[in-house]
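S.K.: here's my sequence, what's the structure:
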Amino acid sequence: MCLAVPGRVLDIGEKDGTRMATVDFGGVQKEVCLEYLPDLQVGEYAIVHVGFALQRLDEESAKQTLELFAQLGMLQEEFGDPWEQAAAAGGDPWPFADGPGPEPEPTPVLAAPQEEVQP
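M.R.: Coordinates of the predicted model:
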């Protein structure tokens, strides 16, 4: 799913002749194109879809929407690690958790064949 998510502009610059911004989406920061909103300023909120700021939004509405998306798990779906999401969808735990994983099974030690001694 691809959401239009509100974010707060942290800084504005230019990249290859295009007006760009670093935008914060409730803790996740992404680079966003500002060409559709050329007068958007640092500290303002905008609705962003597929990397483009599309519409200015007031702070209260932006925060309410971000909170709702977080409660519904939609921010994780939109900005989370796709490999982790795929593992969860397959019913397996994500193998790279912060904590140590289960102990590996010990590898059996094979003894060299012994010559049979005849008396």
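S.K.: so what's the nearest residue to residue 53 once chain neighbours are set aside up against?
M.R.: With sequence-adjacent residues excluded and distances taken as C-beta to C-beta, 6 or more residues apart in numbering, residue 53 is closest to residue 46, at 4.0 Å. To be clear about C-beta, it is placed using only N, CA and C from the backbone, and glycine gets the same treatment. Contacts for residue 46 (C-beta atoms under 8 Å, 6 or more residues apart in numbering) come out as 6, 7, 9, 23, 32, 37, 40, 53, 54, 55, 56, 57.
S.K.: just the buried members of those?
M.R.: The neighbour-count test (16 or more other C-beta atoms under 10 Å) marks 6, 7, 9, 23, 32, 37, 40, 53, 57 as buried among those.
S.K.: strands - which of these land there?
M.R.: 6, 7, 9, 23, 32, 53, 57 (DSSP state E).
S.K.: of all those, which comes closest to residue 71?
M.R.: Lowest distance from residue 71 to those (C-beta to C-beta) belongs to residue 6, with 14.7 Å.
S.K.: contacts only, for the closest one.
M.R.: If you count contacts by C-beta under 8 Å, 6+ apart, residue 6 has them with 25, 45, 46, 47, 48, 57, 61, 62, 65, 66.
S.K.: any weak-confidence spans in this structure?
M.R.: 1-2, 75-89, 92-119 (pLDDT under 70).
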